[in-house]
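Enquirer: Turn this into a model:
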Amino acid sequence: MIHLFYLACASAMIVGLKKLGHPRTARSGNRIAAAGVLGAIVAALVDTGILNWAIVIAGLVVGSVIGVVVALRIQMTSMPQLVSALNGLGGLASALVAAEVVTSTRLEAVTVDDGVNIVLSTLVGALAFTGSLIAFAKLQGIMPGRPILFPGQRAFNAIVALAIFGLAVWVVADGSTGAYWAMGSLALLLGILAVIPIGGADMPVVISLLNAFSGLAAAAAGFVVSNHALIIGGALVGSAGFILTIQMTEAMNRSLGNVLFSGFGAVTATADSGEQKPVNTADAVDVAITLAYADRILFVPGYGLAVAQAQHAVRDLANALEARGATVNYAIHPVAGRMPGHMNVLLAEADVPYEKLLDLEQADPQMPQTDAVLILGANDVVNPSARDDPGSPIYGMPIFNADHAKKAIVIKRSLSPGFAGIDNPLFYKENTLMYFADVKQALEEILAALEEV
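Expert: As a prediction, this is how the structure comes out:
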């Protein structure tokens, strides 16, 4: 009966994951998957029958309270940080499961299979934990978002990785407890070393990869404690995370190795070079007039929209333009924002219809027929250098060809470069208007001006 219940819980996780694929069913999918996880926890407790229920219930209460408070208080702009923290905690939990087995069992007495699973759970979980902490610190601004590099970094990282591999073999072959703790400590160090050379432009990929690592660690921990639901749940998270990671790298036209080891964004272009070029500046009235006479409009949201918490303002502007007869859609780049799906989540919170959210393949062909494209705090995803300049770091990255629209309007605080650290030629084109302002403030001013047009 316990195994059948585990199967039912795993099925709930799969159904929940499927429902997360569409905004209309995402909430119910989240609840179904969460119920499956809770059911698996209860089944595990009943199956073992050796735990103190008072401690377990106290842990559930404390964890639930923390989860509710965080969920209610967290701003959508901080969602990437929260995801990073949750990835890290998942990895830590898996590593602690393996560590508990090591402290309560003689390592030399375990089978080779169990030894391998203990090693994998510890290594991947520890790496995901510290790597996620660094990602959180970069996203939160606690440490610089640019790549942190030092001489001999790759060689040093390789030495640490080789030392971990050697210790792992020692643990599996000889059951050395000392080697196990040394291996775990170096895995924590490697998580830090692996993420510090990765810049803000690549954070969506890093978050996806660390999510996959936390899932793999959970699956390995499931083998350690012979828990079928944990194995299946971890495998789901791991495979989904890796698929998303591949999609992210393809959207950037880069390999995973290039993301992890190139130090992309370490050399940042200066804003001064951009300030010296002439641009067509505009104010709220200029933009309102342009939009008022446009029939087809595309909004391209970026991280600047998230920082300004302007998702409701952009929805209000879209409603006003649609009331005047315009067709308004949203062009969502796969790597817009600081984590996969960041823009979709923001706009869904503002009740923007899902049908209006167009992906790269849907939106970009519409650019030549678009009367006005409104770029809201985005930069690299509309940079023509990715198309025209073979020497650019982002050359080959699929972008929205916003310069092909009849009029491009960029709302941005300044001409400073984006996460990739390079200037954007779109800003200086003849058909581009630059409105320098906070995105939310600008949208509210445009809406007010539109009422007077």
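Enquirer: And for the chain, the residue most distant from the center?
Expert: Ala109 (40.9 Å; C-alpha atoms, centre = their mean).
Enquirer: That one is in contact with Asp174, isn't it?
Expert: No. Checked against C-beta atoms under 8 Å, the pair Ala109 and Asp174 is beyond contact range at 11.9 Å. Glycine gets a C-beta too; all of them are placed from N, C-alpha and C.
Enquirer: Okay, the nearest residue to the residue farthest from the centre of the chain once chain neighbours are set aside and Leu107: tell me how far apart.
Expert: In space, and not counting its chain neighbours, Ala109 is closest to Gly175: 7.2 Å by C-beta to C-beta, 6 or more residues apart in numbering. The gap separating Gly175 from Leu107 is 4 Å, by C-beta to C-beta, to the nearest Å.
Enquirer: ok, the residue farthest from the centre of the chain to Val102 distance?
Expert: Look at Ala109 and Val102: by C-beta to C-beta, they are 11 Å apart.
Enquirer: contacting residues for Met343?
Expert: Pro301, Gly302, Leu305, Ala306, Tyr330, Ile332, His333, Ala336, Gly337 (C-beta atoms under 8 Å, 6 or more residues apart in numbering).
Enquirer: Next one, pLDDT for it please.
Expert: At Met343, the pLDDT value in this model is 85.
Enquirer: in which helix or strand would I find it?
Expert: helix 342-349 (DSSP states H and E).
Enquirer: which parts of that helix are buried?
Expert: His342, Met343, Asn344, Val345, Leu346, Leu347, Ala348 (16 or more other C-beta atoms under 10 Å).
Enquirer: contacts for whatever helix or strand comes next after it?
Expert: The C-terminal neighbour of helix 342-349 among helices and strands, as given by DSSP H and E, is strand 357-358. For strand 357-358, the external contacting residues (C-beta under 8 Å, 6+ apart) are Leu298, Asn329, Tyr330, Ala331, Ile332, Asn344, Leu347, Gln366.
Enquirer: Quick check: phi and psi at the last one.
Expert: Backbone torsions for Gln366, taken as degrees, to the nearest 10, come to phi -80, psi -10.
Enquirer: Below-threshold pLDDT in the stretch 1-150 of the chain: ranges please.
Expert: 49-51, 76-77, 145 (pLDDT under 70).
Enquirer: Would you map the strands across it?
Expert: Assigned by DSSP state E, counting those that start in this stretch, the strands in the stretch 1-150 of the chain number zero.
Enquirer: can you pull out the helices in it?
Expert: With helices called from DSSP state H, counting those that start in this stretch, the stretch 1-150 of the chain shows them at 2-19, 23-48, 53-73, 79-104, 112-140.
Enquirer: can you tell which of the ones you listed is closest to Leu443?
Expert: Among the helices of the stretch 1-150 of the chain, the nearest to Leu443 by C-beta to C-beta is helix 79-104 (20.6 Å).
Enquirer: burial count for the residue nearest to Pro368 when sequence neighbours are not counted?
Expert: Closest residue to Pro368 apart from its sequence neighbours, by C-beta to C-beta, 6+ apart: His404 at 5.0 Å. The tally of other residues near His404 (other C-beta atoms under 10 Å) stands at 17.
Enquirer: gap between His404 and Ala363?
Expert: Counting by C-beta to C-beta - His404 and Ala363 are separated by 12 Å.
Enquirer: again with Thr290
Expert: According to C-beta to C-beta, Thr290 and Ala363 sit 19 Å apart.
Enquirer: how long is stretch 98-117 from one end to the other?
Expert: Terminal residues of stretch 98-117 are spaced 8 Å apart (C-alpha to C-alpha, to the nearest Å).
Enquirer: For that stretch, list every residue counted as buried.
Expert: Buried residues in stretch 98-117 (16+ other C-beta under 10 Å): Ala98, Ala99, Val101, Val102, Leu107, Val110, Asp114, Gly115, Val116, Asn117.
Enquirer: And those residues, which two are furthest apart?
Expert: It's Ala99 and Val116 that sit farthest apart of these, by C-beta to C-beta, at 15.8 Å.
Enquirer: Redo the helices of the stretch 1-150 of the chain as CSV? Include distance to Asp380.
Expert: Shown next, in CSV, are those (distance: least, C-beta to C-beta, whole Å):
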stretch, distance to Asp380
helix 2-19, 30
helix 23-48, 26
helix 53-73, 30
helix 79-104, 16
helix 112-140, 17
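Enquirer: Most tightly packed of those helices?
Expert: Per residue and on average, the most neighbours among these fall to helix 112-140, with a mean of 24 (mean count of other C-beta atoms under 10 Å).
Enquirer: how is the chain carved up into domains?
Expert: Domain assignment for the chain, taken from automatic domain parsing, gives 1-73, 76-261, 271-450.
Enquirer: which SS state does the spatially most central residue of the chain fall under?
Expert: Among the residues of the chain, the one closest to the centroid is Met339, at 2.3 Å (C-alpha atoms, centre = their mean). Here Met339 is coil, with the state taken from DSSP: H, G, I helix; E, B strand; the rest coil.
Enquirer: Could you do Leu433 as well?
Expert: Per three-state DSSP, Leu433 ends up strand.
Enquirer: For it, give me its contacts.
Expert: Asn280, Thr281, Ala282, Asp286, Val287, Thr290, Lys407, Ala408, Ile409, Val410.
Enquirer: Between those residues, which sits nearest Tyr428?
Expert: For the contacts of Leu433, the nearest to Tyr428 is Asn280 (8.6 Å; C-beta to C-beta).
Enquirer: Which of the helices or strands spans Asn329?
Expert: strand 327-331.
Enquirer: Ok, which of the helices of the stretch 1-150 of the chain comes nearest Phe223?
Expert: helix 112-140 (4.1 Å).
Enquirer: list the helices and strands that closest one packs on?
Expert: If you count contacts as 3 or more C-beta pairs under 8 Å, 6 or more residues apart in numbering; DSSP states H and E, helix 112-140 packs onto helix 79-104, helix 153-174, helix 177-195, helix 203-225.
Enquirer: out of these, nearest to Leu321?
Expert: Of all these, helix 79-104 sits nearest to Leu321, with 27.4 Å by C-beta to C-beta.
Enquirer: export the contacts of Leu433 to CSV and tack on secondary structure, distance to Asn379 and pLDDT?
Expert: Listed next are those as CSV, based on DSSP: H, G, I helix; E, B strand; the rest coil; distance: C-beta to C-beta, whole Å; pLDDT from 0 to 100:
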residue, secondary structure, distance to Asn379, pLDDT
Asn280, coil, 17, 89
Thr281, strand, 17, 90
Ala282, coil, 18, 89
Asp286, helix, 21, 91
Val287, helix, 18, 92
Thr290, helix, 21, 92
Lys407, coil, 18, 92
Ala408, strand, 13, 93
Ile409, strand, 14, 93
Val410, strand, 9, 93
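Enquirer: wait, which of those residues is closest to Gly257?
Expert: Closest to Gly257, out of all of the contacts of Leu433 and judged by C-beta to C-beta, is Val410, at 32.9 Å.
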